[in-house]
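S.K.: fold the following and give me the result.
(chains A, B, C and D)
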Number of protein chains: 2
Amino acid sequence: MDTITIKDIARALNLSTSTVSRALRGSYEINPETKRLVMEYAERLNYRPNPIALSLKGSSSRAIGVIVPQIANYYFSQAINGIEAIAYNRGYHVIIFQTHESYEREVANVQQAVARKVDGLLISLSSETSDVSHLKELQQKNLPLVLFDRVSDELDVTQVVADNFGGAFAATEHLLQAGRRRIAHLTIPPWISITQERLAGYRAALEKYGVPFDENLVRYGTFGPDEAGQMVDELMALDPRPDAFFTASDRLALGCLAALRQRKVAIPDEVSLIGFTNLHVADLLSPSLSTVVQPAQEIGQLAAERLIELIERKHRAAPVGTVKVPTELVVRESSRATSVTPVP
Amino acid sequence: MDTITIKDIARALNLSTSTVSRALRGSYEINPETKRLVMEYAERLNYRPNPIALSLKGSSSRAIGVIVPQIANYYFSQAINGIEAIAYNRGYHVIIFQTHESYEREVANVQQAVARKVDGLLISLSSETSDVSHLKELQQKNLPLVLFDRVSDELDVTQVVADNFGGAFAATEHLLQAGRRRIAHLTIPPWISITQERLAGYRAALEKYGVPFDENLVRYGTFGPDEAGQMVDELMALDPRPDAFFTASDRLALGCLAALRQRKVAIPDEVSLIGFTNLHVADLLSPSLSTVVQPAQEIGQLAAERLIELIERKHRAAPVGTVKVPTELVVRESSRATSVTPVP
DNA sequence: TTGTACGCGTTATCAC
DNA sequence: GTGATAACGCGTACAA
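M.R.: Predicted coordinates for the structure are as follows:
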């Protein structure tokens, strides 16, 4: 006999299960003496209510589901870290699902999460996802939902994202101010929300400095392995060739860096390189690489906070809106960061 | 009315819930006609059994718990990736818990996992954990348990680890063969299982080449931020100073690299550097850094496979033993890997 | 103030 | 071959 139930307590104290249940929940109409007795006994036997039974009963499961494209990815693992931190000290557990960038698996994961009676869902869309009807169903079920990072305009839900426009603008502007004019942009699939925002920031900065936008300088990857090498090859074959690279992910920054080194292109003398990465990866990369730092952990934290708010105020008006988390431009000219500019 | 239950089907088809249940499970003693009817109806309404109810009923919850020190860590996020992949196509879900290297949280997480009726538990011990009685309790409850990476000798359970001894031996031998004799070892807390194994490999290689072991050259970190800097300072102040560094983690390798660069120590001309890292991080680090690659994903996969075996054969003899996953030594002399030596 | 009875979704057991 | 019933652990209307 190991896991102890309310029934055990009732039997031991010669009470009914309902009395014990009420005492444990600190109900009003209950004899303080009985209450004390029950509490003490429960404490002593280290009683824990069975969360499964609670979920079945229909009340909250104290668990939130998190659906991300991949865990083995610095951005998402940091975001999950932030989520878990908030969830933990609010008494929630985190059940994690990976879509592996597959729409089908995303749908399956949503269903599973619902079946497991999560109290709410935190989702970052797979790159394959364009149809969001599986998420609209969630809203109809009145299940709290918050999107983060990879979001969708078609959904009227709370969304938490980095200031991708601002970050891209700041990065591009920095390159322009350094005298660069042929700035290549290596990015991820165009239909993902953040791609558009970054592209917009990039274009806005070009416009501000009167540099015409050249479609040939923009390349879209697909999360495949070693795409950057080919992109760099193609771009360096252009005439005139690029004098700067602005990349949209860790992977592309890394691939670009490696490709340029392999081709013996001097950084930053011949071409400048600046990437949208997170701080840790930026640290690992070359000291000559400036970065726009993605606030992954903060995004996770904010998303979790918003979700838990929604869960706990489920019956009041649901606050809907987009939360933009500022990004930071870290400029590294030599072996250490020379300036840190928060993007307003 | 959204989620449909066995009861709904029974009502609609004028059957009893038990009949429907049996039909769904494909029981022998059942009218094929009825069975077909039920199946079709269930299919049409997209019926899914409620996993919560199943868990409460006492059978399997089709969920496995994973307890790791940290998610935002390449090693563990890759391991989790491997775990999730296996679990997913075996029909299990993964519930993740972080200990943040705290013994207290580890115990709490184990309790929570048990309360959530996971079918099995995959654990990598926190650095604070020395008492493993909370895990011994699990064994008494007959709950399948597999340890990975950070394991404990005091437990008679299946364990999956990298060949830390072999990796450390190969790394040290490589440095020795390159003529290094004062090899510093920057490592993690001594009471963690893998630390001892690596230290043993390091010492064994020294012995083989007749180089005396010098305790002063070994430094233990505590997962704190920027520890490597101070370690490098202290070590470089020694006389004679080290001519090589062998580090036990990504973080230490990175910190060491940064510290050496900052002190303008030429790598690998003045000192060699070799680290215990995973492939991705190794890629990010300097091209002159050789590494012992940790097979994080494979370890996760193997651990998950072993655990699921245990779960599904729960009533037969439990296979206990330690699985050692080979490590690889990747030697980088110039800008790319020049040789890859699997450690036997 | 406390006890009885029921229901959440499912399966196992026993009866028919 | 099928149906009624109990049970898993808990909370709560209703009764006392």
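
S.K.: all helices for chain A, in order.
M.R.: A:6-13, A:17-24, A:32-44, A:51-57, A:74-89, A:103-115, A:133-140, A:164-177, A:193-208, A:227-236, A:250-262, A:279-284, A:296-312 (DSSP state H).

S.K.: how about the ones you listed, which one is nearest B:Leu121?
M.R.: For the helices of chain A, proximity to B:Leu121 was assessed by C-beta to C-beta; helix A:51-57 is nearest, at 16.0 Å. Backbone N, C-alpha and C define where each C-beta goes, glycine included.

S.K.: quick one: list the elements packing against the closest one.
M.R.: In this structure, helix A:51-57 makes packing contacts with helix B:51-57, judged by 3 or more C-beta pairs under 8 Å, 6 or more residues apart in numbering or on different chains; DSSP states H and E.

S.K.: ok, and what's touching the helix it packs on?
M.R.: With contacts defined as C-beta atoms under 8 Å, 6 or more residues apart in numbering or on different chains, helix B:51-57 is touched by A:50, A:52-53, A:55-56, A:61, A:115-117, B:60-63, B:117.

S.K.: of those, which is the nearest to DNA strand C?
M.R.: Ranked by distance to DNA strand C (C-beta to the nearest atom of the strand), those are led by A:Leu56 at 4.5 Å.

S.K.: and that closest one, how far from B:Asp233?
M.R.: Taking C-beta to C-beta, to the nearest Å as the measure, A:Leu56 and B:Asp233 are separated by 59 Å.

S.K.: how about A:Ala258?
M.R.: Relative to B:Asp233, and taking C-beta to C-beta, A:Ala258 is found at 31 Å.

S.K.: tell me which of those two has more neighbours.
M.R.: Taking other C-beta atoms under 10 Å in any protein chain shown, A:Ala258 and B:Asp233 do not tie; A:Ala258 has more neighbours (19 against 11).

S.K.: give the buried residues for stretch A:223-238.
M.R.: Within stretch A:223-238, the residues that count as buried by 16 or more other C-beta atoms under 10 Å in any protein chain shown are A:Phe223, A:Glu227, A:Ala228, A:Gly229, A:Met231, A:Val232, A:Leu235, A:Met236.

S.K.: any residues touching that stretch, and which ones?
M.R.: Stretch A:223-238 has contacts (C-beta under 8 Å, 6+ apart) with A:101, A:127, A:184, A:186, A:188-189, A:216-217, A:219, A:221, A:241-242, A:245, A:247, A:251-252, A:254-256, A:258-260, A:262-263, A:265.

S.K.: okay, and the helix or strand of chain A with the least pLDDT?
M.R.: One helix or strand of chain A scores below all others by mean pLDDT, DSSP states H and E: strand A:337-342, with a mean of 48.

S.K.: now the buried members of the contacts of helix B:51-57.
M.R.: Neighbour-count burial (16+ other C-beta under 10 Å) is assigned, among the contacts of helix B:51-57, to A:Asn50, A:Ile52, A:Ser55, A:Leu56, A:Ser61, A:Arg116, A:Lys117, B:Ser60, B:Ser61, B:Arg62, B:Ala63, B:Lys117.

S.K.: nearest residue to A:Tyr209 in space, please, no chain neighbours.
M.R.: Leaving aside its sequence neighbours, A:Tyr209 sits nearest to A:Leu176 (C-beta to C-beta, 6 or more residues apart in numbering or on different chains; 4.6 Å).

S.K.: and that neighbour, how many neighbours?
M.R.: 18.

S.K.: need the contact list for the residue lying closest to A:Asn46 once chain neighbours are set aside.
M.R.: Leaving aside its sequence neighbours, A:Asn46 sits nearest to A:Ile4 (C-beta to C-beta, 6+ apart; 7.4 Å). Residues in contact with A:Ile4 (C-beta under 8 Å, 6+ apart) are A:Leu45, A:Asn46, A:Tyr47.

S.K.: and A:Gln159, by the same measure?
M.R.: A:Val146, A:Leu147, A:Phe148, A:Val151, A:Gly321, A:Thr322, A:Val323.

S.K.: can you pick the most crowded of those?
M.R.: Most crowded among the contacts of A:Gln159, counting by other C-beta under 10 Å, is A:Phe148 at 30 neighbours.

S.K.: isn't that one right up against A:Val160?
M.R.: Yes: between A:Phe148 and A:Val160 there is a contact at 4.4 Å, judged by C-beta atoms under 8 Å.

S.K.: do you know the pLDDT at the closest residue to DNA strand D within the stretch 51-200 of chain A?
M.R.: DNA strand D sits closest to A:Ala53 of the stretch 51-200 of chain A, with a gap of 3.6 Å, by C-beta to the nearest atom of the strand. pLDDT, A:Ala53: 88.

S.K.: same check on A:Tyr28?
M.R.: Reading off the model, A:Tyr28 has pLDDT 72.

S.K.: just give the number of residues close to it.
M.R.: Using other C-beta under 10 Å, A:Tyr28 has 5 other residues around it.

S.K.: quick one: it and chain B, what's the gap?
M.R.: In this view, A:Tyr28 and chain B are 28 Å apart by C-beta to the nearest C-beta, to the nearest Å.

S.K.: shaky segments in the stretch 151-300 of chain A?
M.R.: Along the stretch 151-300 of chain A, segments meeting pLDDT under 70 span A:279-288.

S.K.: quick one on the thing from earlier: CSV please, covering the contacts of A:Ile4 and showing distance to DNA strand C.
M.R.: Formatted as CSV, the contacts of A:Ile4 follow (distance: C-beta to the nearest atom of the strand, whole Å):
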residue, distance to DNA strand C
A:Leu45, 18
A:Asn46, 22
A:Tyr47, 17
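
S.K.: what subset of the residues you listed is buried?
M.R.: Buried members of the contacts of A:Ile4, scored by 16+ other C-beta under 10 Å, are A:Tyr47.

S.K.: now the contacts of A:Ile4 in CSV, with distance to B:Leu121 and pLDDT?
M.R.: Converted to CSV, those look like this (distance: C-beta to C-beta, whole Å; pLDDT from 0 to 100):
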residue, distance to B:Leu121, pLDDT
A:Leu45, 23, 83
A:Asn46, 19, 83
A:Tyr47, 21, 84
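
S.K.: which among the contacts of A:Ile4 gets closest to chain B?
M.R.: Sorting the contacts of A:Ile4 by distance to chain B puts A:Asn46 at the head of the list, at 8.6 Å, by C-beta to the nearest C-beta.

S.K.: any idea how far the closest one lies from A:Ala200?
M.R.: Taking C-beta to C-beta, one finds A:Asn46 at 56 Å from A:Ala200.

S.K.: ok, back up a step: quick check: the farthest pair among the contacts of A:Gln159?
M.R.: Using C-beta to C-beta, the contacts of A:Gln159 reach their maximum pairwise distance at A:Phe148 and A:Gly321, which is 13.2 Å.

S.K.: go through the contacts of A:Gln159 and name the one nearest A:Val38.
M.R.: A:Val146 (37.9 Å).

S.K.: let me see the domain layout of chain A.
M.R.: Under the assignment automatic domain parsing, the domains of chain A span A:6-47, A:52-161+A:296-324, A:164-294+A:329-335.

S.K.: now the ones you listed as CSV including distance to B:Val331?
M.R.: CSV is the format used below for those (distance: least, C-beta to C-beta, whole Å):
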stretch, distance to B:Val331
domain A:6-47, 53
domain A:52-161+A:296-324, 25
domain A:164-294+A:329-335, 18
